[in-house]
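Colleague: Build me a model from this:
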Amino acid sequence: MRWLAVILAFVCVALIVLGLGGCRFSKDGVLSAYESVVQFAGQFALTPAIQLQGVRAFGVDHFQGTYRAEYENFSGTEYLFGGTSTVGRDVRVTFSLEAENGGGTLFLMSGKHMLEVLLDAQGGFERTLTLPSGSSYIGFTAKGLTGTLEMRLAPGAESGQDEG
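Modeller: Got it, this is the predicted structure:
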């Protein structure tokens, strides 16, 4: 993540230099550009589509979408959804894991909680997660897993209450 800090520092310095040089930017324009850079940089922590065991389809951003995988003796970790943002958000997660062999763990990594286990068993759940500003990633790790995983992330309730 050191490269992220370098990119953000470069962007900040460029904005300051342009501002001192007489260029005028609106506050909203600068914040929007900064958010775009932060989101762009944050997407590189996700597992690339070509390396995924299943098929992922993003929604309007990398914090929303669907994922479906049929695993055959899979051992590894996939970072499926998330990124970096200057604003927090609520995300509704629907998850289902049917395992014939092995097992898996769904987890959340964020600045607020370095690693939070969301589900460490077969089965499913539906829950609204409140993701803080900064980096937040939802991933799945498995050992010797043969089975099917289905996941959907959608905008969450305004309240951010945990319902699971």
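
Colleague: From now on I want contacts and neighbour counts done on CA atoms only, so please keep to that.
Modeller: Will do.

Colleague: The nearest residue to residue 146 once chain neighbours are set aside: neighbour count?
Modeller: Distances taken as C-alpha to C-alpha, 6 or more residues apart in numbering put residue 72 closest to residue 146, at 4.4 Å, once the chain neighbours are dropped. Residues near residue 72, counting by other C-alpha atoms under 10 Å, number 15.

Colleague: Surely residue 72 and residue 145 touch.
Modeller: Yes: with contact defined as C-alpha atoms under 8 Å, residue 72 reaches residue 145; the gap is 6.3 Å.

Colleague: in this protein, which ranges drop under the pLDDT threshold?
Modeller: 1-44, 112-113, 158-164 (pLDDT under 70).

Colleague: What segments of it are strands?
Modeller: Taking DSSP state E to define them, one finds strands in the chain at 55-58, 65-85, 89-110, 116-119, 123-131, 134-155.

Colleague: which one of the ones you listed lies closest to residue 46?
Modeller: strand 65-85 (4.9 Å; C-alpha to C-alpha).

Colleague: isn't residue 133 right next to residue 82, touching?
Modeller: No: with contact defined as C-alpha under 8 Å, residue 133 and residue 82 do not form a contacting pair (11.3 Å).

Colleague: between those two, which one's more packed in?
Modeller: residue 82 (24 against 16).
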